[in-house]
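K.L.:
missing the sequence, but the structure's below:
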């Protein structure tokens, strides 16, 4: 029976080796042999550009070595027959075609509608659904603009690493003062997007609030599955076996 797996928000970073090691074990033990793996954004805590892969062994931050190690593991999975799909998140929106090529993955647009479990399913990272966070949405529009990205990628690597750290710090400070509901999805936006795409199932990450939500879209029963973020000791996945229902599951990384 064909199996599809979906994950999101691993936030891989040299400072959390337990998550990286757990993910690599998960690839070997859970993802090995599955038909497809979808990674729905924020795979890395930060991504400064695909040329990071050139710095393996020479990057004191450890980010390049981490990226190279993960790329090799993903490539092995792809060569064993698993179709890999990678969507940008709000942390790793500079992931490019070179990383995709070196890992054997296909970059997936946000949003995308794919056939899973015998139905059309909408896949998103989820940050675009948080419309009440107007300050973040303004930054998101800027960060997705090709001209802005080209300017960032033209900077020396050391400056990009420093900029990424600065942006993470600013994001943490800004979020600490925001109401919880502002950082969650806007329910009306969820219904609108699902109606526009003609689907009754949405899968996303970003909010770090894993759950299965029941709702109604155009008078039909619908559902929104939210993937959780990975932490030292535990991870989250959605598994779909054949034409079965998508199952959201928390698991121990040392299983």
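P.N.:
Great, that's in hand. Just so we're clear, the structure is a prediction, and the values are computed from it rather than from any experiment.

K.L.:
What is the three-state secondary structure of the residue positioned nearest the centre of the chain?
P.N.:
The chain has residue 41 as the residue nearest its centroid, 1.6 Å off, counting by CA atoms, centre = their mean. Taking DSSP: H, G, I helix; E, B strand; the rest coil as the rule, one finds residue 41 in the coil state.

K.L.:
contacting residues for it?
P.N.:
8-9, 87-92, 110, 125-127, 205-206 (CB atoms under 8 Å, 6 or more residues apart in numbering). Yep, even glycine has a C-beta here, placed from its N, CA and C like the rest.

K.L.:
Go again with 7 Å.
P.N.:
Residue 41 makes contact with 8, 87, 88, 89, 92, 125, 205, 206, according to CB atoms under 7 Å, 6 or more residues apart in numbering.

K.L.:
To what extent is the last one buried, counted in neighbours?
P.N.:
Using other CB atoms under 10 Å, residue 206 has 26 other residues around it.

K.L.:
Check the contact between it and residue 125; I expect there is one.
P.N.:
Yes: counting by CB atoms under 7 Å, residue 206 touches residue 125, with 5.3 Å between them.

K.L.:
can you give me the helices in the stretch 101-250 of the chain?
P.N.:
With DSSP state H, counting those that start in this stretch applied, the stretch 101-250 of the chain shows helices at 134-143, 146-153, 157-176, 187-197, listed in chain order.

K.L.:
Just name the shakiest helix or strand of this structure by mean pLDDT.
P.N.:
Among the helical and strand segments of the chain, the one scoring lowest on mean pLDDT, DSSP states H and E is helix 157-176, with a mean of 79.

K.L.:
now that one against helix 134-143, angle please.
P.N.:
Angular relation of helix 157-176 and helix 134-143 on a 0 to 180 degree scale: 160 degrees, by axes from the mean of the first three to the mean of the last three CA atoms, to 10 degrees.
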